[in-house]
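>>> can't give you the sequence, but here's the structure:
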């Protein structure tokens, strides 16, 4: 397949323009669809909608045979294949046929009132394990374990994990996500992740989190030929160069897909430690950033800043053509397509 659409940042090529645009969000950090609960961002609305069911617990796709419900329709379809038509296990009480002995035993509990799944918190019992799991969410909202520095947690293990934010090695700590660093310059470089892309191109208005990315971008306007970069660590995949070996190693995860930071609660992996720290707040229930106007809380400061514009009326993203202002960058991008 001919790949005619090339990324001017890293040189990677694509056969379709849409695939190129989606890829470029890696460099520009333009993530269109943001989850209001945990801050995770997605390139399509469909992916966001599917993800949000993790927080709501919604399982809209239910099996008519056994009552089991699923978040995704594809999971329901796969599950239904386990039910053979005219199952061999016949209930003598109601005449219902079940495909496996396991489903038959579960079904029989509705007649015998046997409830083998007991809650260790309150002692209440249930017919199905799934019902017990849903019930436990009530106790999760209770937070008896207090952090002496800030928040409360529903489990002692969550509190123990959270306390590492306050006690972890490194005297220079990021006030946004809690990650610590041994050198102040590394903290300063890290904090740009949380900033609103401070390096702006005067030609087209595009913004970047790092000055080096802005300089590289400006060559598009000046037609300048790339010079031999003094940064000694080149990426063998795309040619991009870095000042330190650690920066190169982090960048290469874009190409390798490596995600070394793993969440012990759900098994999800991340490319950066700061991403893991923010993600873990889904499990701990921690939302340390509270709006002073309406008391709504958020998992990271960037969500709070964006939300607060609803109260202040601030519209910092201006259209260079007509001057109209917007609260969010993505709204400006959509508007600019009109021009």
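Everything's here; your move. Keep in mind the model is a prediction, meaning the values are calculated, not measured. Numbers count the residues shown, from 1 in each chain.

>>> what's the burial count for residue 10?
Burial measure for residue 10: 19 neighbouring residues, criterion other Cβ atoms under 10 Å. Where you see a C-beta, it was placed from the backbone N, CA and C, and this is true even at glycine.

>>> Please apply the same query to residue 275.
Residue 275: 20 surrounding residues under other Cβ under 10 Å.

>>> With the flanking residues excluded, which residue is spatially nearest to residue 50?
Excluding the flanking residues, the one nearest residue 50 by Cβ to Cβ, 6 or more residues apart in numbering is residue 72, at 6.7 Å.

>>> hey, which helix or strand in the protein has the poorest pLDDT?
Sorting the helices and strands of the chain by mean pLDDT, DSSP states H and E puts helix 156-167 at the bottom, at a mean of 63.

>>> Check which strands are paired with the next helix or strand after it and give the direction for each one.
Counting by DSSP states H and E, the next helix or strand C-terminal to helix 156-167 is strand 172-173. Strand pairing for strand 172-173, determined by DSSP bridges: strand 180-181 (antiparallel).

>>> Start from the N-terminal end of the stretch 1-150 of the chain and give the helices.
For the stretch 1-150 of the chain, the helices defined by DSSP state H, counting those that start in this stretch cover 17-28, 45-56, 73-80, 101-112, 129-140.

>>> Among those, which comes closest to residue 302?
Between residue 302 and the helices of the stretch 1-150 of the chain, the tightest spacing by Cβ to Cβ is seen for helix 17-28, at 15.6 Å.

>>> ok so, going back, my guess is the residue nearest to residue 50 meets residue 61, correct?
Yes. In this structure residue 72 lies within contact range of residue 61 using Cβ atoms under 8 Å: 6.8 Å.

>>> follow-up on the earlier one: for residue 339, see how far away the residue nearest to residue 50 is.
Look at residue 72 and residue 339: by Cβ to Cβ, to the nearest Å, they are 39 Å apart.

>>> Now do the same for the closest residue to residue 211 other than its chain neighbours: its pLDDT.
In space, and not counting its chain neighbours, residue 211 is closest to residue 199: 5.1 Å by Cβ to Cβ, 6+ apart. Note on residue 199: pLDDT of 72.

>>> can you check the one 3 residues further on too?
Predicted confidence (pLDDT) for residue 202: 76.

>>> Next: the one 4 residues further on.
Residue 206 carries a pLDDT value of 73.

>>> Give me the three-state assignment for the nearest residue to it once chain neighbours are set aside.
Excluding its sequence neighbours, the residue lying closest to residue 206 (Cβ to Cβ, 6+ apart) is residue 217, at 6.5 Å. The three-state assignment at residue 217 reads helix, by DSSP: H, G, I helix; E, B strand; the rest coil.

>>> which residue is nearest the centroid of this structure?
residue 40 (2.7 Å; Cα atoms, centre = their mean).

>>> Let me know whether that residue touches residue 51 as I believe.
Yes. Using Cβ under 8 Å, residue 40 is in contact with residue 51, at 6.5 Å.

>>> what's the nearest residue to residue 299 if we skip its chain neighbours?
Closest residue in space to residue 299, ignoring its immediate chain neighbours: residue 281 at 4.4 Å, by Cβ to Cβ, 6+ apart.

>>> right, I mislabeled it, should have said residue 258
Per Cβ to Cβ, 6+ apart, closest to residue 258 is residue 271, 7.1 Å.

>>> got it, and residue 186?
In space, residue 186 is closest to residue 172, 7.3 Å off (Cβ to Cβ, 6+ apart).

>>> Do a quick rundown of the strands in the stretch 201-339 of the chain.
Using DSSP state E, counting those that start in this stretch, the strands of the stretch 201-339 of the chain run over residues 207-208, 233-234, 241-242, 261-262, 269-270, 289-290, 297-298, 317-318, 325-326.
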